[in-house]
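Undergrad: Just need the structure, nothing else, for what follows:
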Amino acid sequence: MTRTLFLANLASTLFMTGVIWFVQIVHYPLFGAVGADGFAAYEQAHSARTTWVVLPPMLVEALTALLLVLHPDPAVPRGVAWAGLALVALIWLSTFFWQVPRHALLAGGFDPAAHRFLVLSNWARTAAWTARAVLLLAVASPRSPT
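TA: Numbering: from 1, shown residues only. As a prediction, this is how the structure comes out:
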């Protein structure tokens, strides 16, 4: 059971790491090129569609990270499980206190300051998901014989 939890955690983290790097390097920076006339409708559609893509893996990741702390996998060092859960907490806090409010502002029309903050603050999530991916891949990598 714990191996399945770990694999679900790894898969959801790797998926979200790919998504966040795409969002950080391509998607968010291009918001400024949409144009003022259609931006509010674009942002509203973006937020609705993005939720369908990211919410399921984020929920799987959060639940499995918590379960790996509560029901340790012998192959996952306790420090890694706790660090992973702390990074998930950082991601969710950043999402709901920084990104969601900026998307709400942008849903009313393009705001250069909100856009700039969205792009800059999203580096916290990008770094956290990347760190989670590195930690989990280190645990998943085969050990060389000693």
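
Undergrad: Return the set of buried residues in the helix or strand that contains Leu5.
TA: Per DSSP states H and E: Leu5 is located in helix 2-22. Neighbour-count burial for helix 2-22 flags 5-6, 8-10, 12-17, 19-20 (criterion: 16 or more other C-beta atoms under 10 Å). Using the backbone N, CA and C atoms, a C-beta is placed for each residue, glycine as well.

Undergrad: do the same with stretch 72-87
TA: For stretch 72-87, burial by neighbour count (16+ other C-beta under 10 Å) applies to Asp73, Val76, Val80, Ala81, Gly84, Leu85, Leu87.

Undergrad: now for the host helix or strand of the fourth one, which elements pack on it?
TA: In this case it means Ala81. Using DSSP H and E, Ala81 sits within helix 78-94. Helices and strands touching helix 78-94, by 3 or more C-beta pairs under 8 Å, 6 or more residues apart in numbering; DSSP states H and E, are helix 36-70, helix 112-140.

Undergrad: Of those helices, which is nearest His103?
TA: Closest of those to His103 is helix 36-70, at 5.2 Å (criterion: C-beta to C-beta).
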